[in-house]
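A.B. asks: this one's sequence-less:
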């Protein structure tokens, strides 16, 4: 996706979030097509991470593991509530940010972008995560290269219109993807999913009702969880084609939660009470169980 196309795509996403319609088409398929399928991993709050069916001992408790876009580093919340980064085998662990106490940190995600000399935009290598203190949850960020760094509050600007404001508290489950710093997140108060664009101008808006969102690698789709008839279903919203929302699990007889995209954008992994499943991202086949391990699925590129 070129810079010009990306600028248009960002405008489309925000316009779609506010108006419910896309202005015109843009495609990031070229970058997605060159990506690999990746390796499925599952973290479950123990010191062991399942990677491609094998248990890897990280030496400390691993919660909410997320892989860097190049697959070289893993970010997670350790047993002390700190934000850590380690190599794929658990070695070289660094405490990026030490929890000051009285806070619960969760669900880190990598925001990695290259420097754009044309528009004077610096490179980013950040970790965005949710921090709950005194019953209030906010999104924070810190450099992924920091050592005992100090997280800052993530800016959340809405679309430039009277009804474009976005909530500043109650935000959870951030997930970033793509080459331009875009992320999505959920809000506990509104029960909705939001998008945050962070390229030429930081802005964002509301998408659909749901929770636990994940942004596709090409930044054109968002998968999320929504309760239907007593079960948690997986839905996907197409940001580039009229914000069409589709139920990927219409015949669900169990709960599908915590979805994750494969790097090539073709497969989704999700948690169930009985293990981890995968399914085609277009919903053409039903979910299939791939491991009995119950936990947070993530793909290592």
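C.D. replies: Structure's in. What do you need? Remember, it's a predicted structure, so these values are computed and weren't measured experimentally.
A.B. asks: What are the phi and psi values at residue 70?
C.D. replies: When read as degrees, to the nearest 10, the backbone of residue 70 gives phi -90, psi 0.
A.B. asks: what about the residue nearest to it when sequence neighbours are not counted, how many neighbours?
C.D. replies: Nearest residue to residue 70 in three dimensions, chain neighbours excluded: residue 301, at 6.4 Å (C-beta to C-beta, 6 or more residues apart in numbering). Any C-beta I mention is one placed from the backbone N, CA and C, and that applies to glycine too. Around residue 301 there are 17 other residues, counting by other C-beta atoms under 10 Å.
A.B. asks: Could you pull up phi and psi at residue 130?
C.D. replies: Torsion angles at residue 130 (phi, psi; degrees, to the nearest 10) stand at phi -100, psi 140.
A.B. asks: my guess is it meets residue 174, correct?
C.D. replies: Yes: using C-beta atoms under 8 Å, residue 130 is in contact with residue 174, at 6.3 Å.
A.B. asks: Between the two, which contacts overlap?
C.D. replies: Each of 107, 139, 185 lies in contact with both residue 130 and residue 174 under the rule C-beta atoms under 8 Å, 6 or more residues apart in numbering.
A.B. asks: could you dump those residues to JSON lines with neighbour count and distance to residue 52?
C.D. replies: Output for the shared contacts of residue 130 and residue 174, formatted as JSON lines (neighbours: other C-beta atoms under 10 Å; distance: C-beta to C-beta, whole Å):
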{"residue": "107", "neighbour count": "23", "distance to residue 52": "22"}
{"residue": "139", "neighbour count": "24", "distance to residue 52": "31"}
{"residue": "185", "neighbour count": "28", "distance to residue 52": "29"}
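A.B. asks: Could you double-check that the residue nearest to residue 70 lies in contact with residue 73?
C.D. replies: No: using C-beta under 8 Å, residue 301 is not in contact with residue 73, being 10.9 Å away.
A.B. asks: Who are the packing partners of the helix or strand containing residue 224?
C.D. replies: Element membership of residue 224 [criterion: DSSP states H and E] is strand 221-228. Where contact means 3 or more C-beta pairs under 8 Å, 6 or more residues apart in numbering; DSSP states H and E, strand 221-228 is packed against strand 183-187, strand 192-198, strand 202-209, strand 211-215, strand 231-238, strand 257-261.
A.B. asks: Distance to residue 103 added to these, as a markdown table?
C.D. replies: As requested, those are exported to a markdown table (distance: least, C-beta to C-beta, whole Å):
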| stretch | distance to residue 103 |
| --- | --- |
| strand 183-187 | 18 |
| strand 192-198 | 21 |
| strand 202-209 | 24 |
| strand 211-215 | 21 |
| strand 231-238 | 27 |
| strand 257-261 | 22 |
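A.B. asks: among those, which is nearest residue 157?
C.D. replies: strand 202-209 (5.1 Å; C-beta to C-beta).
A.B. asks: about what we covered before: for the residue nearest to residue 70, what are its contacts?
C.D. replies: Applying C-beta under 8 Å, 6+ apart to residue 301 gives the contacts 35, 36, 38, 67, 69, 70, 71, 263.
A.B. asks: Equivalent analysis for residue 174, please.
C.D. replies: So residue 174 contacts 107, 109, 128, 129, 130, 139, 154, 183, 184, 185 (C-beta under 8 Å, 6+ apart).
A.B. asks: Buried ones among these?
C.D. replies: Taking 16 or more other C-beta atoms under 10 Å as the criterion, what is buried in these is 107, 109, 128, 129, 130, 139, 154, 183, 184, 185.
A.B. asks: Identify the residue spatially nearest to residue 267, adjacent ones excluded.
C.D. replies: residue 278 (5.5 Å).
A.B. asks: Can you tell me the SS state at that neighbour?
C.D. replies: Secondary structure, DSSP: H, G, I helix; E, B strand; the rest coil: residue 278 is strand.
A.B. asks: What is the neighbour count of it?
C.D. replies: Residues lying near residue 278 (other C-beta under 10 Å) number 20.
A.B. asks: Am I right that it is in contact with residue 290?
C.D. replies: Yes: using C-beta under 8 Å, residue 278 is in contact with residue 290, at 5.3 Å.
A.B. asks: Need the overlap of contacts for the two.
C.D. replies: 40, 269.
A.B. asks: Contacts for stretch 149-166 next, please.
C.D. replies: Residues outside stretch 149-166 that contact it (C-beta under 8 Å, 6+ apart) are 14-15, 17-18, 83, 96-97, 128-129, 131, 138-143, 167-168, 171, 174, 194, 196, 202-206.
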